[in-house]
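*Asks:* Next input, structure requested:
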Amino acid sequence: IRAMRMVRQDTVLFLVGPVEPAFKQELIELAQACGVTNRVVLQGMVPSEDLKALAASADIGLQVQRNVGLNSYHCAPIKLFQYLAAGLPVVGSNFPGMVDIIEKNEVGLCVDPEDDAAIASAINRILDDEALHQHLSQNALRIAREKYCYEVEGRPLLDAVEELLGNRPD
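*Replies:* Numbers count the residues shown, from 1 in each chain. Now for the predicted structure:
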């Protein structure tokens, strides 16, 4: 929300998901203090069948979670893969799990999630450069189809289970 002060004025931050009432009030107050209330939408829960269409209506997927422990530092959240499947360029945290996916596959930009100016700069860079946006978006769709999908990612697990069960030829 703080980064929205430096993001293009035609940009809206759309937050989807459950939010505890006290935290929602805190977010509303932060948006008011930053002067971006009209550019921040707290959507709340969305039925899973509507989520892909909602994501596809966005221009960028934002996954800049803070480092609150090893799990957040090393993870690659499911939301990241949902953004890729929707063809969204991603602005994500510069943590190992996300850098490996986002930057190595050229699907977005990674930033320090505590640096509001860096977050805003990455968002503006993608929005202002149509060729970059298109390149990142095409890579996101390709990598979601070729690598980060159940058919590919699940194969090693299925092979191991089949081997354990003795269902694989030697």
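
*Asks:* which residues in this protein form strands?
*Replies:* Using DSSP state E, the strands of the chain run over residues 13-16, 40-44, 61-63, 90-93, 108-111.

*Asks:* export these to a markdown table and tack on distance to Arg145, mean pLDDT and mean neighbour count?
*Replies:* (Each C-beta comes from the backbone N, C-alpha and C, glycine too.) What follows is the strands of the chain, written out as a markdown table (distance: least, Cβ to Cβ, whole Å; pLDDT from 0 to 100; neighbours: other Cβ atoms under 10 Å):
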| stretch | distance to Arg145 | mean pLDDT | mean neighbour count |
| --- | --- | --- | --- |
| strand 13-16 | 24 | 92 | 16 |
| strand 40-44 | 27 | 92 | 14 |
| strand 61-63 | 16 | 94 | 22 |
| strand 90-93 | 16 | 97 | 26 |
| strand 108-111 | 17 | 98 | 23 |
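
*Asks:* Tell me which of those strands lies nearest to Glu26.
*Replies:* strand 40-44 (10.9 Å; Cβ to Cβ).

*Asks:* Tell me the strands beside that closest one, with direction?
*Replies:* Taking DSSP bridges as the criterion, strand 40-44 forms sheet pairs with strand 13-16 (parallel).

*Asks:* contacting residues around the strand it pairs with?
*Replies:* Residues from elsewhere that reach strand 13-16 (Cβ atoms under 8 Å, 6 or more residues apart in numbering): 1, 4, 7, 27, 36, 39-46, 51, 54, 58, 62.

*Asks:* What of stretch 63-73?
*Replies:* Contacts to stretch 63-73, defined as Cβ under 8 Å, 6+ apart, come from residues 77, 79-80, 83, 90-93, 95-98, 111, 113-114, 119.

*Asks:* Go again with 6 Å.
*Replies:* Contact with stretch 63-73 is made by 79-80, 90, 92-93, 95, 113, 119, as judged by Cβ atoms under 6 Å, 6 or more residues apart in numbering.

*Asks:* Ala118 - how many residues pack around it?
*Replies:* 19 (other Cβ atoms under 10 Å).

*Asks:* can I assume it is in contact with Leu109?
*Replies:* No. With contact defined as Cβ atoms under 6 Å, Ala118 does not reach Leu109; the gap is 9.1 Å.

*Asks:* export the helix or strand of the chain with the lowest mean pLDDT as CSV, just CAs?
*Replies:* The weakest-scoring helix or strand in the chain, judged by mean pLDDT, DSSP states H and E, is helix 150-153 (a mean of 70). Below are the C-alpha coordinates for helix 150-153, written out as CSV (Å, rounded to 0.1, in the frame of the first residue of the first chain):
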residue,chain,number,x,y,z
TYR,A,150,1.2,-30.9,-12.3
GLU,A,151,2.0,-33.0,-15.4
VAL,A,152,5.7,-32.1,-15.2
GLU,A,153,6.3,-31.3,-11.5
